[in-house]
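1. Fold the stuff below for me.
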Amino acid sequence: MHIAEEKKRLRALLRERERALDGAYKRESDAAICRALTELDAFGAADTVLAFRGTAREIDTRAFLAAVLARGKTLLLPRCEPGRALSLCVVRDLDAELEPGAMGILEPRRSCPVAAPEDVGFAVIPCLAFDRAGNRLGQGGGYYDRLLPRLACETVCICRARLVADAVPHEAHDARCTRCLTEEGVVI
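-> Residues are numbered from 1 along each chain as shown. Modelled structure (predicted):
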């Protein structure tokens, strides 16, 4: 089987597994992941933090985003652009500055200032799953595979422990994060 087909099959399996997760488990794991992120030394040392606003099927990052702002750090959230690129936008107000964007995902308004990847001091990256070797499986658009090589900071991929995969098929262009974290702690 070709790697692209293996990824497609694994994505379908993980999406099905995610839909079957208990709501209480999701809420508890989301809260634990957000707490664990704020306890990382790299987060504490960073002035500028890139994160994402999770969809209904991803980690609910709202508590982490609020913590970034409460600590006086600059919060960057991605906005999808043509060519499967991401703009890293400064967000100061999570209620007033986000709107439905590409694929219905909440993202920064066009009026938000844009920062450069080299300005990021700490980054939290979404995924469907990762494996214990650190291979990340995204949604399939390649947005973060294009962004990750441009970041010179610690990058932390987050996922619920029940969705960690035995093995994620990967190719040379698939970018890895420096750490992978679940509600149970740092995996790598």
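2. measure the residue nearest to Asp166 when sequence neighbours are not counted to Leu10 for me?
-> For Asp166, ignoring the flanking residues on the chain, the nearest one in space by C-beta to C-beta, 6 or more residues apart in numbering is Asp131 at 6.5 Å. Placement of C-beta: from N, CA and C, glycine included. Counting by C-beta to C-beta, to the nearest Å, the gap from Asp131 to Leu10 is 10 Å.
3. which residues are common contacts for the two?
-> The overlap between the contact sets of Asp131 and Leu10 (C-beta atoms under 8 Å, 6 or more residues apart in numbering) consists of Ala165, Val168.
4. Pull the number of nearby residues for the residue lying closest to Ala85 once chain neighbours are set aside.
-> Spatially, and ignoring its direct neighbours in sequence, Ala85 is nearest to Arg146 (6.5 Å; C-beta to C-beta, 6+ apart). As a burial measure, Arg146 scores 15 neighbours (other C-beta atoms under 10 Å).
5. same question, the one 3 residues further on
-> Using other C-beta under 10 Å, Pro149 has 11 other residues around it.
6. which residues does it contact?
-> Ala175.
7. Give me the pLDDT for Ala63.
-> Note for Ala63: predicted pLDDT of 98.
8. For Pro149, see how far away the nearest residue to it once chain neighbours are set aside is.
-> Spatially, and ignoring its direct neighbours in sequence, Ala63 is nearest to Cys34 (4.1 Å; C-beta to C-beta, 6+ apart). Look at Cys34 and Pro149: by C-beta to C-beta, they are 26 Å apart.
9. just Glu16 next, same as before
-> 31 Å.
10. and what of Leu163?
-> Counting by C-beta to C-beta - Leu163 and Pro149 are separated by 25 Å.
11. tell me which element the residue nearest to Ala63 falls in.
-> helix 23-39 (DSSP states H and E).
12. Name the residues of that helix that are buried.
-> Lys26, Ser29, Asp30, Ala32, Ile33, Cys34, Ala36, Leu37 (16 or more other C-beta atoms under 10 Å).
13. Take those residues and write them to TSV, including pLDDT and distance to Glu184.
-> Below are the buried residues of helix 23-39 laid out as TSV (pLDDT from 0 to 100; distance: C-beta to C-beta, whole Å):
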residue	pLDDT	distance to Glu184
Lys26	97	15
Ser29	98	9
Asp30	97	13
Ala32	98	8
Ile33	98	10
Cys34	98	14
Ala36	97	9
Leu37	98	14
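14. Thank you kindly, that will do.
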